[in-house]
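Engineer: 3D model of this:
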Amino acid sequence: MKNYIFGYARVSTEQQNLDRQIDALRKYGCDMIYNEKMTGTKRERPELAKMLDRMTEGDTVVIESLSRLGRSTKDLIELTELFQSKGVHLISLKESIDTSTSTGKLLFTLMSAIAQFERDVIADRTREGLRSARARGRMGGRPKINSDAVRKAVKLYNTQQYSIKEIEELTGVKKSTLYRHLSES
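Structural biologist: The predicted structure is shown next:
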């Protein structure tokens, strides 16, 4: 089975020109080039999605620059991790990165480690913030349910004389809470 070299080019606006990127990808020898004119901040990038669906183990994705592929560092690393899990190599022409080489693999590993570190730091900060809030008497999460109100809501529901909306208004118990308690009884 033939391994393909896919190119991906992107510019942020309709007014910008893809020619420079496409020329570089053609010069590299890409079999197929996917390109789109849309901001990288958009989560949905249809051409990128098509390329991701088409990739198989042993294929290579070539980009002119890392900034053309990822919306953020996190997004870029998630995409490179996806490539790695599928056995697809990534080549960035501007940064001279090639994950099929030992140096490229090292760089990818360092990027992944930094991203994991960033996720861990965020999780640590979140835990510290929650501890700090608890120390000040603030508790996170959903407010406690008034069990008397829930019992009243269930009784009203069982009479079959009130709509769910009326029960919510009379008791202050949300319909999801009511349905959850009905299914538990």
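Engineer: The helix or strand hosting residue 179: which residues count as buried?
Structural biologist: Residue 179 belongs to helix 175-184 when assigned by DSSP states H and E. Of the residues in helix 175-184, those with enough neighbours to count as buried (16 or more other C-beta atoms under 10 Å) are 177, 178, 181. Quick note: C-beta positions are derived from backbone N, CA and C, even for glycine.
Engineer: Residue 46 versus the nearest residue to residue 86 once chain neighbours are set aside, what's the distance?
Structural biologist: Distance criterion C-beta to C-beta, 6 or more residues apart in numbering; nearest residue to residue 86, sequence neighbours excluded, is residue 55 at 5.8 Å. Noted for residue 55: a distance of 15 Å to residue 46, by C-beta to C-beta, to the nearest Å.
Engineer: Looking at these two now, which is surrounded by more residues?
Structural biologist: residue 55 (18 against 11; other C-beta atoms under 10 Å).
Engineer: Under a three-state scheme, what state does residue 15 occupy?
Structural biologist: coil (DSSP: H, G, I helix; E, B strand; the rest coil).
Engineer: List phi and psi for it.
Structural biologist: phi -80, psi -20 (degrees, to the nearest 10).
Engineer: do you know how far it is from residue 67?
Structural biologist: Counting by C-beta to C-beta, the separation of residue 15 from residue 67 is 18 Å.
Engineer: Settle it for me: which of these two has more neighbours?
Structural biologist: The residue with more neighbours, out of residue 15 and residue 67, is residue 67; 15 against 7, by other C-beta under 10 Å.
Engineer: do you know how far the more buried one is from residue 94?
Structural biologist: 8 Å.
Engineer: Repeat that for residue 129.
Structural biologist: 38 Å.
Engineer: What strand or helix carries residue 90?
Structural biologist: Residue 90 belongs to strand 89-92, assigned by DSSP H and E.
Engineer: What strands line up against whichever helix or strand comes after that strand, and which way round?
Structural biologist: Sequence order places strand 97-98 as the next helix or strand after strand 89-92, per DSSP H and E. Strand 97-98 pairs in its sheet with strand 89-92 (antiparallel), by DSSP bridges.
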